[in-house]
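> Make a model of this:
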Amino acid sequence: MINIMNQSNNKRNIIIRESSVQSFDRLKLIIFISLFFSFLSGVLYYFSNVWILKVIMIVPLILLLGYAVIATISRYKDDSIKRNLQEFCERSELLKKDTDTDHKTITAKFKYWKEKNYYFIEYFARASNKISIEDFPKRLVEVLEDNSNKPWILLECSVTRTSLIMKFTHEPEKRLVIDSDSYLGQSNDFKIKISSRVTWDLEKAPTAALLGGTGSGKTSVIKYILLSFLALNKKNQVFVIDGKSAFLYSTSSFNKDGHTANTPEGAMEILDELTNIMNDRYAQMNSNPEDEEDITYCEKYKDKGSYLLVFDELLALMTLVQSEDKLKKPAERLGPQIMAKILNLVVKSRQVNIYCLLSGQTLSAEVLSTAVRSNIGFRAILGSVTPTQSMEMFNIGVSALPRPLDDQFSGYYWHDGMDIAMPFLQPYVARGFRFKAALWNLSNRAA
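Below you'll find the predicted structure:
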């Protein structure tokens, strides 16, 4: 969400009073009246050789020329952003509404300012001409890019009580790639860079969800996140549950202590182990009843690391669990137990630095409970977005999403605090990079 408190004071008020179409109609009317009086003066001059009629004939022409000069100066004196907003209001029909019997055109109010390499446009909506957050930014970007040689990339869109604030940049986004051991130098913090301007803040969003179909690059993104998380702190550890027994499960022998599972029973063991770790950490933090520090476990114990649970292909595993549960007694069914343990971790684990990444081709309500879904603070969809995925992850229709990036490795993300999902470029592990060897080296640093 855009932080208004940190914005500079160089804001400009821009009031759009009438559309250029109406101004042009008024200009045509003045031209017609001037030509009429010029014609009338010419007729009078022909029939009368009085000097005053010559003046009457010249005055309308002088007025017409003066109006044209003033209009031209006013047009080019104004800066391009106001002309763009003028055209945007015209296209969106924000000004084509009468407010009284005199047919006066209503005004549209904007604020515009620049901060570093970012451009902010704030629109103050009127009760008579509301426009949805989904439509407004896309229409504005179309106008800005039509009238400019630069791209206008929408970074954030925030709704306040009285206005809509949009943040733009001209700088294209850059993909992040692991192609060497250079990532080992990352700082010891709780943020994973996803792209040049997108960050997964583990402290603010301890649970993430990643959706992607076949060929969307989901596995590569998960590998990137695994290595990036381990590189944050040499004490960090990862647990992996691979519902399809695919590539991630094959890394079990390269993961310290074999924190990898591909069966319902193995998933239960990992979830139980993480639950025990969580309970032990809470017991340690609460051992002194007089301690009033309200901080996380790793902030309190600097020599400790964090844990990341990656649950890949959740749908595949839960489908298997549900089919097996039909043959079991209600008390023995694993499906409800797995969901209960995931919910317990998602709700309680943030303060003890245990994080979760849930992924799959879909995370429908049948697979992921509403209680778990409501606690997901970072959400991403890779590749093309289906209507079902958009509703599952962002709770809006796919047509309401901002325009996608012109890149085959693009997607959409939403982080806690944002009002609408935004496009981004997904990270990846380069081909030829020895992922398993890097995983082995990183996971063994804590030994």
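
> Helices of the stretch 101-250 of the chain, start to end?
135-146, 218-232 (DSSP state H, counting those that start in this stretch).

> Comparing those, which comes out most buried?
helix 218-232 (a mean of 23; mean count of other C-beta atoms under 10 Å). Bear in mind the C-beta positions are built from the backbone N, C-alpha and C, glycine included.

> Off-centre distance for it?
21 Å (C-alpha atoms, centre = their mean, to the nearest Å).

> Now it: average pLDDT?
The predicted model assigns helix 218-232 a mean pLDDT of 91.

> Over to stretch 169-184?
Mean predicted confidence for stretch 169-184 is 81.

> what about that stretch, distance to the chain center?
18 Å.

> now swap in stretch 225-236 and tell me
How far stretch 225-236 lies from its chain's middle: 25 Å, per C-alpha atoms, centre = their mean.

> Then stretch 267-284?
How far stretch 267-284 lies from its chain's middle: 33 Å, per C-alpha atoms, centre = their mean.

> Buried residues in that stretch, which are they?
Applying a neighbour-count criterion of 16 or more other C-beta atoms under 10 Å, one finds Ala267, Met268, Ile270, Leu271, Leu274, Thr275, Ile277, Met278, Arg281 buried in stretch 267-284.

> from those, which is closest to Ser158?
Among the buried residues of stretch 267-284, Met278 lies closest to Ser158 (C-beta to C-beta), at 34.0 Å.

> State the distance from the nearest residue to Trp200 once chain neighbours are set aside to Leu248.
Using C-beta to C-beta, 6 or more residues apart in numbering and skipping the chain neighbours, the partner closest in space to Trp200 is Ile192 (4.6 Å). For Ile192, the distance to Leu248 (C-beta to C-beta, to the nearest Å) stands at 17 Å.

> Which one of the buried residues of stretch 267-284 is nearest to Lys436?
Distances from Lys436 to those, taken by C-beta to C-beta, are shortest for Ile270, at 19.6 Å.

> Contacts for the host helix or strand of that closest one, please.
Assigned by DSSP states H and E, Ile270 belongs to helix 264-285. If you take C-beta atoms under 8 Å, 6 or more residues apart in numbering as the criterion, helix 264-285 is touched by 239, 241, 259, 261, 291, 297, 300-301, 307, 309, 311, 317, 320-321, 324, 334, 337-338, 341-342, 344-345, 348-349, 351-354.

> The stretch 301-447 of the chain: helices as residue ranges?
Using DSSP H, counting those that start in this stretch, helices in the stretch 301-447 of the chain cover 314-325, 334-348, 370-373, 387-394, 435-443.

> Just the angle for the last one relative to helix 218-232, thanks.
Spelled out, it's helix 435-443. 30 degrees (axes from the mean of the first three to the mean of the last three C-alpha atoms, to 10 degrees).

> and helix 435-443, what does it pack onto?
Helix 435-443 is packed against helix 218-232, with contacts defined by 3 or more C-beta pairs under 8 Å, 6 or more residues apart in numbering; DSSP states H and E.
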